[in-house]
Structures are given as structure tokens and as C-alpha cells.
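[1] Can you look at this prediction? I've put the sequence above it.
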Amino acid sequence: MSAESKVTAEHLKRAAYLYIRQSTLRQVLENTESTERQYALRRRAVILGWPEERIVVIDEDQGRSGASASGREGFQRLVADVGMGQAGIVMGLEVSRLARNCADWHRLLEICGVTHCLILDEDGLYDPGQFNDRLLLGLKGTMSEAELHVLKARLLGGVLQKAQRGELKMPLPVGLVYNDQEQVILDPDQQVQQSLRVFFATFQQVGSARATVQAFARQGLKFPNRALVGTGETCWQPLTTRQALDALHNPRYAGAFCYGRTRSWKDAEGKKHTQELPREQWRFFKADVHPGYVKWEQFLDNQKRLVENNQVTAATVRKAGPAREGPALLQGLVICGKCGYSMSVQYHQREGKLTPDYVCSLEASLRAGRICQRVPGGEIDQALGQLLVQSVTPLALEVALQVQDEVQSRLAEAARLRQQQVQRAQYEVDRAQLRYMRVDPNNRLVADTLETQWNEKLRQLAQAKEECEKQERTDAAQLSQEQRAKILALVEDFPRVWQDPKSSDRDRKRMARLLLEDVTLRRGQDITVQVRFKGGATHELHLPLPQPITVSRKTKPEMIAEIDHLLDEHSEEEIVEILKERGCRSSCGHPFSLTLLQGLRRTYQLKSRFERYQAQGLLTATQVEQMLGPAANRAKYWERMGVLKVVKLGQHYEHLYYQPTPADLDRMRRRHRRPRSNSNSQANAYEAQ
């Protein structure tokens, strides 16, 4: 069947669609002849009967790959218009221009077959509704996809062959460069080399990427970074955590070549995903291919330490992690004696201080189960501290000398790096000065710019010198002769160093990790502590369980007995002052108060001073007046007259009277019966008697 016979009036009523595409922008700029051939297909549509105004050109997918329909808005619009029956013919120079993916191509064929849309390429005109034409178009689509596969396989084959030999040229991290023979060597810049060596040595010392960044910031050190745009020269910036992690995870710094560290794929929406693979799944790996800054064994140790520091894996992997703030001495070293998993640390306030608890909560966090066990850590830390003091004391002086030498060497390395920064700033100043001196003085437009650059370099040089001198003064203050003598004097007596308030919790943890491998805890009738030292030595402790709060917060019997004794002779207000003067405190650590004292007296059913004197026979005013007779409210009067002896019990007019003698009682009764008119004269007469 000829091409003209396939075109019907129904097709001519619809629009003709011309799809134009190049895979890359470089092809669009360089392969202009191909683009002209695609636009020339409009003449074929005119010959077949479509007017110019009804030819729709879709060329917004220029520079996009045909491997997928994702991201190709023009192709998606073409498929949508074909599905809606608006297209009578679809034109493309070849099948690969429309799609290089069989799934997209056959989907377009099916839609064209349903809507009776024709397909035109450079070879001819096809009707997808006819079996032979659809078969031929399907073969062309398969060949187009196979062609793309063959091209990729050829390119990738050469890459893999060079990667297998470790000769594939790949972007290098800062500190490594290619020489003229395309061999990897260390960066000739000595400052770059020294910065990287100090970086890896600092991580070896502090044990975490964040602490390494903080150490660089304290020392005022800059880290090299290679610019991705422009000339690609090395620039110096403050070290960031992202840069530190990238450098620690990069095996090129260990002199190793690796290929296939990641796996990439696209999802149904065409979005690209990348996954890092474990070292066992790397496609090619060769150690000791070129010089590096660390040994391969040290690189593996760094990876292990980074995994230990990862809090995401801390619940399932038995790792200590870096020493952190907090008083828990055994943080990261404790193993549950029941299930064998690592135990975490939880803090609570006790007497105004943080107190740790070691908790095995893996089952509770992962499977919503119960906590395996919770062990109070205050007594355990104290017992382990005493054990470490006994174990470490003979070696304390030697360890101190090694630490002092290590600190001095690291400060010297940092000082050399700062001097190199000053030298580099001086070099930049000299270059700027030379450029300014060579310019024609009459050319003020260039001369002014170069003068500004020279002044900027001078400012940077002055700033680098100032920072260097400031840090050197700080280092000198940290390592003065007086302080060195103090360090040696303290370390000779390790218990003083351990118990020194200036020793931070983090320092104590680091000292403990130098000696301890792990500690296993099991709670039963008591707390069993199994200690494993570095080197394999073991030690077992049995500690009593802490008392319940109802017992630990209970006032001691000695204090209750003392309060009971003081109540015999003193008022409650006086007892509070006496206890404060003695420095006595309650079981909760609070100073004594009147309310607290009264609460203790009621709780332990101690007799008040009033009850104690009543038991000794002392009388109240009411009882005295009852002895004198009815309506004889004269106890206060006889107290003033000195007949009744009184004992004051407190500050609120509480008092008791001693039992009057029979003679005094008889006189008071006779005095009460006399007329009240001569009360004053009678009182004077009584006083005279």
C-alpha cells in the first residue's frame, strides 16, 4: 500500500505533529545538520496534504535524552494530544528521536493504533493499526533501544577495564594531584600536606569528626578546599563537619583506588537515587596504588570509630562511641548481663546533682517490650573509680610524660601550620605588589584595581600574623613551666588527679577507656559488676542494691534521739537554732526549720515540751485557779507577786506553773476571800509579810 493511500480525509482533518529532539545541548550546538533534517520533515507533511498552518512543531525537548519519558514535557504533550484524537500523523526523523525506551515507544504505538494516527519517519509512512506496520515499528524501537545499550556498553567497557587496573583517571580530593605522567602524587604544596596530616592526627586523638572540627576552630587553623568552578585552585576555609566526614570516608587518602562505591537507579517518576555500598560490595578495589596520608589499617580503624560514633547504630551495635559530657563514667562501655546488648545512660536529679542509671531498653524501643533491667550507676561509678585508682597508680607518671610530649608535639605542628598560613599570605602580598609595580601608572583604571587588591592582601597578611601571635601566646600560657610542674606533681598521685574538681567528666571517661574494655552489669539480690580490662584481665565486684527512697530519705535514729533529748530542756525555736549552728540537715539535705521539726515530732510521736513538764507535775493557769476556788482568775497576779514559779515554754506566751506549797496555797486562798476595795493596801501588807 502506498503512502498516499494510507492518508485519508479523516487524517487530514486533524493536525500533523513534528517532534524534534537532540540528546544533549552539545549536539544541539554542533549537530546543526541533524536539526535541519528534522525540521525539513514539514515538507513531507505538506506533500501528503496538510497545510502549513496545521503542522504543530514540538521542539521543547532539545538537549534531553530519550531514554525515558520523564522530564520530556514535549513528548508527554504529544502523547496526550494523540490520545485525545487531535493528531492525524506523528513525524520524527527516526524512531530514536521519539523514544529510546521500548516501554514509551510501544505505549505510543498502542495509542496511535486506537486513535488511527499515522507515524512518519525518514524511511516511510506507517499505520500502527495494521499488523505489519506495527511489527516493523516495534522492531525499529527495539533496535533503537539496543543501539543505546551497545553505545553505553562500549563506553563503560573501556572505563571498567581501566578501573580494574586501577588506572582510571577520576577526580581527586584535595591534597592529591596528577603529575605529567597521570600518576597520583601528594600535592606539592607543603601547607596542604601538613594540614591533612594534622587533620588525621587530630581525629586519631579526639576520636570524632565534630571534635576534630572544634579543635581546628580553637587553634585557628584553616582547611584546604578545591574550588569546583573557575581555575580549580586551592582555597582555604574553616573546616566543616561535612568536609571532615568526606575526608575520613575517602579511601584515596589511604592510597587506595576504588570504583563502584555507590549504586544509582531511577524510580517510576524518573527521579535518580544513590545508595552507598559497603566496602565488600565495591566493584573494584586496589590498595597501595599511590601515596597517601594514612595507612590502610588506620583508615579501617577510622571507619570503625565512625561507626561506633553513629548514634543510629548504637542500639544494635556494641560500640562505646566518643566520650561525652555527663557524669556517667561507664557511658558506652556497659553491657547488659541478661541479654548481652549495650546499655544506655539516663540521668535524674538527686540532691541537686545528676545521677546516672544504666538502662537496657533495646527490647522496649524496637519491639515495644519491657525494659530488660535498670541499674543505678552512682555506686558503680564510685567503685570503678576506686578500682582504676588502684590499678593505674604505678603507671601514672609514665603516662603523664607521654601525654605531655604528645601535647607539645601537636601544638608544634599547629604552630607550623599557622606559620605556613602567614607565609602564603606574604606570597600573595608579594604577587599583588609585583602586579601593581608592573602596570603603567598612567593606566589608572587598572592601577586602582591592582592597588585595591594589594591593600586587601596586606590586610589578610596582618590578620594572619595577628591570629598566629595570639594563638602562640595562648599555647605558651597553656604549657608554661609552672603548669608543667603542676601536671607532673598531680600525676605522681593519681588519686588526686582523679578526684580533682578541675578534672572534667569527659577526661575521666577517656582515662577509663584507656584501661577498660567493657563492663557487664547484672541486677539480682545484689549488683554483679564484671570488669574486663584492656589485655584480657578481669575483675568482679558485688555491690549492694541501693536502699529504697523510703529508707534513704528516713531521718537517722541518732538525730531523732538528739531532738528528743533537746526537747527536755529547750523550746522548739531554740532547738532549730541549735541544729543550724551545728550544721545539721534533714535526710533530704535541707536545713532544719520549725515546720520540719514539728513534723518530725509528730511523725515519731515525740512528746512536746508542754507535755513533758505536765508529766513532771507542772500546772496550767486554769489548774492553779481551780485549786484556789471558783472565779479565782488570779494566777497571773500571784506569778507577779513571786508566789508561783513559772516556766516559759516558747515565744507565744506558753508557760506552766510549779505546784504551790500548802502554805502558799493557804495564803492565796485567804487573800482571795478579803474585800477587793482594799486590794492595794492588802497586797502591800502581804508583800510586807
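    Received the coordinates, thanks. Numbers count the residues shown, from 1 in each chain.

[2] quick one, helices of the stretch 401-550 of the chain?
    Counting by DSSP state H, counting those that start in this stretch, the stretch 401-550 of the chain has helices at residues 444-478, 481-491, 494-499, 505-515, 549-552.

[3] Check which helices and strands the first one sits against.
    So that's helix 444-478. Counting contacts by 3 or more C-beta pairs under 8 Å, 6 or more residues apart in numbering; DSSP states H and E, helix 444-478 packs against helix 396-438. In short, each C-beta sits where N, CA and C put it, glycine included.

[4] same deal with the fourth one?
    Helices and strands in packing contact with helix 505-515 are listed as helix 378-392; criterion 3+ C-beta pairs under 8 Å, 6+ apart.

[5] What are the contacting residues of the helix it packs on?
    With contact meaning C-beta atoms under 8 Å, 6 or more residues apart in numbering, helix 378-392 is reached by 327-330, 350, 355-356, 358, 399, 494-495, 498, 508, 511-512, 515-516, 519, 521, 527, 529, 531, 533, 539, 541, 543-544, 546.

[6] which among those residues end up buried?
    327-330, 355-356, 358, 494, 498, 508, 511-512, 515-516, 519, 521, 527, 529, 531, 541, 543 (16 or more other C-beta atoms under 10 Å).

[7] ends of stretch 282-298, how far apart?
    End-to-end span of stretch 282-298 (C-alpha to C-alpha, to the nearest Å): 19 Å.

[8] how far out from the middle of the chain is it?
    29 Å (C-alpha atoms, centre = their mean, to the nearest Å).

[9] What of stretch 452-468?
    36 Å.

[10] Same question for that stretch: list its buried residues.
    Those would be Gln453, Trp454, Lys457, Leu458, Gln460, Leu461, Ala464, Lys465, Glu467, Cys468, for stretch 452-468 by 16+ other C-beta under 10 Å.

[11] Pull the most distant pair out of those.
    Gln453 and Cys468 (22.5 Å; C-beta to C-beta).

[12] Columns pLDDT and distance to Pro376 on top of the buried residues of stretch 452-468, output as CSV?
    Below are the buried residues of stretch 452-468 laid out as CSV (pLDDT from 0 to 100; distance: C-beta to C-beta, whole Å):
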residue, pLDDT, distance to Pro376
Gln453, 82, 66
Trp454, 81, 67
Lys457, 83, 62
Leu458, 82, 63
Gln460, 81, 56
Leu461, 81, 59
Ala464, 79, 53
Lys465, 79, 55
Glu467, 77, 48
Cys468, 76, 50
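
[13] which of the residues you listed lies closest to Cys372?
    Nearest to Cys372 among those is Glu467, at 52.0 Å by C-beta to C-beta.

[14] Now flag whichever of the buried residues of stretch 452-468 is closest to Gln598.
    Nearest to Gln598 among those, counting by C-beta to C-beta, is Glu467 at 65.1 Å.

[15] Who's the closest spatial neighbour of the closest one, skipping the chain neighbours?
    Leaving aside its sequence neighbours, Glu467 sits nearest to Gly220 (C-beta to C-beta, 6 or more residues apart in numbering; 4.9 Å).

[16] got it, and Trp498?
    Leaving aside its sequence neighbours, Trp498 sits nearest to Val389 (C-beta to C-beta, 6+ apart; 5.6 Å).

[17] quick revisit: among the buried ones among the contacts of helix 378-392, name the ones in strands.
    Counting by DSSP state E, those place Thr355, Pro356, Tyr358, Leu516, Val519, Leu521, Ile527, Val529, Val531, Leu541, Leu543 in strands.

[18] so the last one touches Val529, yeah?
    Same thing as Leu543. Yes. Between Leu543 and Val529 there is a contact under C-beta atoms under 8 Å: 6.3 Å.

[19] re the thing from before, just name the closest of the ones in strands among the buried ones among the contacts of helix 378-392 to Ala215, please.
    Nearest member of those to Ala215, counting by C-beta to C-beta, is Leu516, at 24.7 Å.

[20] so that closest one bridges to which residues?
    Phe533 (DSSP bridges).

[21] got a list of what it touches?
    Leu516 makes contacts with Leu330, Leu333, Leu384, Leu388, Val531, Arg532, Phe533, Lys534, as judged by C-beta under 8 Å, 6+ apart.

[22] out of those residues, who's nearest Asp127?
    Leu333 (77.4 Å).

[23] What segments of the stretch 251-400 of the chain are strands?
    Listed in chain order, the strands of the stretch 251-400 of the chain (DSSP state E, counting those that start in this stretch) span 257-259, 262-266, 272-276, 284-286, 334-336, 344-350, 353-360, 373-376.

[24] Can you redo those as a markdown table, where the extra columns are distance to Ser23 and mean pLDDT?
    Compiled in a markdown table, the strands of the stretch 251-400 of the chain are given as follows (distance: least, C-beta to C-beta, whole Å; pLDDT from 0 to 100):
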| stretch | distance to Ser23 | mean pLDDT |
| --- | --- | --- |
| strand 257-259 | 25 | 87 |
| strand 262-266 | 16 | 81 |
| strand 272-276 | 17 | 82 |
| strand 284-286 | 28 | 86 |
| strand 334-336 | 58 | 88 |
| strand 344-350 | 54 | 81 |
| strand 353-360 | 58 | 85 |
| strand 373-376 | 63 | 87 |
